[in-house]
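Participant: A structural model of the following input is requested.
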Amino acid sequence: MTLSPSVDFGPLDRDRELLAAGDVVAQSFALAPAEGPAWLEKSGLSHVRVLRERGEVAATLLYVHMGQWFGGRRVPTTGIAGVGVAPAHRGRGAATRLMQAGLRELHARGVPLATLYPATQPLYRRVGFEVAGSRFEVRVPGSALALRERALTLRPIAPADALAVQAAYRRHAQLRPGLLDRGDYVWNRVLHPRGETAYGYLVEDGSQVEGYLYLTRRRQADLTQELALPDLVALTPRAARRLLSFLGDHRSLARDVVWHAGPQDPMLLLLEEQSLQVKLVFQWMVRLLDVPAALVARGYPAAARASLHLEVEDALLPHNSGRFLLEVEDGTARVRPGGEGRLRLDVRALAPLYTGHLSPAALQAVGALEADEGSLAQATALFAGPAPTMTDMF
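Facilitator: Below you'll find the model as predicted:
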């Protein structure tokens, strides 16, 4: 994709550009020089894009193709990672040009959503992203896990269990807005966390997997351990109690147990005391690339029935600008051009409304949305639900 006579954007040329792109990544993320090219190769070179300026690699990004759950339905999503700019090209708009070109490519490929964790928010806001969800860390003292549930069988996860574990995760994630429908890249981060060894255990009744966890052991200065959980899934009440009992069995050595979940994590109801900490670690951002397709892809409350007249402004992707009529019935939506534009907002403000991160009233309170009372009530009903969280980094 040629952006100007001296600037173009496209896939990485492995033979000519791997070392240069790897150097950009290594310097951007403070990695050892050899780690940059290795990370790109491990992530999949076909997913790497570079911005070239006068023939030099000026900036990089990585596409992570996956899904994200909203309203009980999987929305195809591309995560954007590995955004870096070569030191000599910083401060001249290279990152903005990189992101604009990448989003246009994804839009042309029919991807409805893009998601990322921002190192800086102004860059991503310039191209239409907005904060749309959170990632929290839950920290519980090992001594607080005093459950004694033994009903289910607990055993180490074996390679043959992979499909059952993935199916259990999918059932778990479908009910939690914002969680990812993981692809290979994200699953690899769960199973092989950088610099650590993950040990997996599942709980079952016969051959039915009811829950599982992966844990890593972090040695502390006083020879105790911190148990960090890349994944924790319980599909039944007894699975939740059994997994917490298993973690409590480590309390003679484990000072703390740490996992990622929102403040509404039902596992926290099983603790006797409030001897825990829930800390906001990061807020993630979303960009709607195809407004009609994204609105149709997500789910809505089954009891909701409404016709919402939207007017959207999108300076980067004109296809998204204009009026749309969103009609919802039985949890399913259809979108057609037109309508009366009674609820007006730009594509940035649409992101936290879409995910449920902010209510229409909250967006209106900061001037990000304009609407009449009827449209405000309809939007509130359509996008209501638990606050969206994400447990994975990518």
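Participant: Now do the strands in the stretch 101-250 of the chain.
Facilitator: Shown for the stretch 101-250 of the chain, the strands assigned by DSSP state E, counting those that start in this stretch span residues 113-116, 130-141, 153-156, 180-181, 199-205, 208-219, 225-234.
Participant: From residue 73, how far off is residue 125?
Facilitator: Between residue 125 and residue 73 the distance is 27 Å, computed by CB to CB, to the nearest Å. All C-beta atoms are positioned from the backbone trio N, CA, C, and that covers glycine.
Participant: wait, residue 46
Facilitator: Residue 46 sits at a distance of 28 Å from residue 73 (criterion: CB to CB).
Participant: Same drill for these two, tell me which one is more crowded.
Facilitator: Neighbours were counted for residue 46 and for residue 73 using other CB atoms under 10 Å; residue 73 has more, 17 against 9.
Participant: And the pLDDT for the more buried one?
Facilitator: Residue 73 is assigned 97 on the pLDDT scale.
Participant: now swap in residue 4 and tell me
Facilitator: Model confidence at residue 4, given as pLDDT, is 77.
Participant: likewise residue 7?
Facilitator: Predicted confidence (pLDDT) for residue 7: 92.
Participant: Check residue 316 too.
Facilitator: Looking at residue 316, its pLDDT stands at 98.
Participant: Which of the helices or strands spans it?
Facilitator: Following DSSP states H and E, there is no helix or strand that holds residue 316.
Participant: Surely it is in contact with residue 101?
Facilitator: No - contact between residue 316 and residue 101 fails when scored by CB atoms under 8 Å: they sit 10.5 Å apart.
Participant: Of these two, which one has the most company?
Facilitator: Remark: of residue 316 and residue 101, residue 101 carries more neighbours, 22 against 17, as counted by other CB under 10 Å.
Participant: Tell me the pLDDT of that one.
Facilitator: What the model reports for residue 101 is a pLDDT of 97.
Participant: isn't it right up against residue 51?
Facilitator: Yes - contact status for residue 101 versus residue 51: in contact at 6.8 Å, counting by CB under 8 Å.
Participant: Report the set of residues contacting both of the two.
Facilitator: Here residue 101 and residue 51 share the contacting residues residue 9, scored by CB atoms under 8 Å, 6 or more residues apart in numbering.
Participant: Show me the contact partners of the host helix or strand of residue 280.
Facilitator: Assigned by DSSP H and E, residue 280 belongs to strand 277-288. Taking CB under 8 Å, 6+ apart as the criterion, the residues outside strand 277-288 that touch it are 103, 112-118, 121, 124, 127-139, 178, 260, 262-263, 268, 294, 320, 347, 350-352, 354-355, 390, 393.
Participant: Show me just the buried residues among the residues you listed.
Facilitator: 103, 112-118, 124, 127-139, 178, 260, 262, 294, 320, 347, 350-352, 354-355, 390, 393 (16 or more other CB atoms under 10 Å).
Participant: for residue 385, helix, strand, or coil?
Facilitator: Assigned state for residue 385: coil (three-state reduction, DSSP: H, G, I helix; E, B strand; the rest coil).
Participant: what's it in contact with, if anything?
Facilitator: If you count contacts by CB under 8 Å, 6+ apart, residue 385 has them with 71, 177, 301, 356.
Participant: in the stretch 51-200 of the chain, which ranges drop under the pLDDT threshold?
Facilitator: Scanning the stretch 51-200 of the chain for pLDDT under 70 picks out no residues.
Participant: can you give me the helices in it?
Facilitator: Across the stretch 51-200 of the chain, reading from the start of the chain, the helices by DSSP state H, counting those that start in this stretch fall at 94-108, 121-126, 162-174, 184-191.
Participant: and the ones you listed, which is most packed in?
Facilitator: With neighbours taken as mean count of other CB atoms under 10 Å, the helices of the stretch 51-200 of the chain reach their highest mean count in helix 94-108, at a mean of 20.
Participant: which stretches of the stretch 251-394 of the chain form strands?
Facilitator: Listed in chain order (using DSSP E, counting those that start in this stretch), the strands of the stretch 251-394 of the chain are 254-260, 277-288, 306-313, 322-329, 332-337, 343-346, 370-371.
Participant: Given the second one, what are its sheet partners and their directions?
Facilitator: Strand 277-288 has the following strand partners under DSSP bridges: strand 113-116 (antiparallel), strand 130-141 (antiparallel).
Participant: cool, and the shortest one?
Facilitator: For strand 370-371, the paired strands and their directions (DSSP bridges) are strand 343-346 (antiparallel).
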